[in-house]
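Visitor: Predicted model, plus sequence, below.
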Amino acid sequence: MQGWQYELFWRMEQAAWSIGVVIIAALVVAIVALIRGLESRADVGGRTEIEELNRSYATGKISIEEYEERKHKAAGAG
């Protein structure tokens, strides 16, 4: 193999490895984002968004108007 062919082959191999690393990193980032998105739907105590909303209304932390609005949004998101 001539010098320029070897150099070209080596650079193509480097590019392939670099692209592979970028793809793997993107997959890891996507999986982490998905997991965090799913975790954000539940409270630390394991309660769902609706359960937490019901608790907030029952304890008087939110008004009936806010309760209805947030319940409607939560039902549309789920």
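Guide: Thanks, I have the structure now.
Visitor: most residues in a single helix of this structure, which one?
Guide: helix 3-39 (DSSP state H).
Visitor: Can you spell out which helices and strands pack onto the helix or strand containing residue 73?
Guide: Here residue 73 is covered by helix 64-77, with elements defined by DSSP states H and E. With contacts taken as 3 or more C-beta pairs under 8 Å, 6 or more residues apart in numbering; DSSP states H and E, helix 64-77 sits against helix 49-58. Yep, even glycine has a C-beta here, placed from its N, CA and C like the rest.
Visitor: Please point out which parts of the helix holding residue 73 sit buried.
Guide: Judged by neighbour count using 16 or more other C-beta atoms under 10 Å, the buried positions of helix 64-77 are 67, 70.
Visitor: starting at the chain centroid, how far to it?
Guide: 23 Å (C-alpha atoms, centre = their mean, to the nearest Å).
Visitor: what's the angle between it and helix 49-58?
Guide: 180 degrees (axes from the mean of the first three to the mean of the last three C-alpha atoms, to 10 degrees).
Visitor: Need the contact partners of helix 64-77.
Guide: 49-50, 53, 56-57, 62 (C-beta atoms under 8 Å, 6 or more residues apart in numbering).
Visitor: Check what pLDDT residue 20 gets.
Guide: At residue 20, the pLDDT value in this model is 93.
Visitor: middle-most residue in this structure, spatially?
Guide: Residue closest to the average C-alpha location in the chain (C-alpha atoms, centre = their mean): residue 33, at 2.2 Å.
Visitor: Next up, the contacts around that one.
Guide: Residue 33 neighbours (C-beta under 8 Å, 6+ apart): none.
Visitor: what's the burial count for residue 49?
Guide: By the criterion of other C-beta atoms under 10 Å, residue 49 has 18 neighbours.
Visitor: quick one: it and residue 68, what's the gap?
Guide: Taking C-beta to C-beta, to the nearest Å as the measure, residue 49 falls 15 Å from residue 68.
Visitor: related to what we said a few turns ago, need the per-residue pLDDT for the residue nearest to the centre of the chain.
Guide: On the pLDDT scale, residue 33 is placed at 91.
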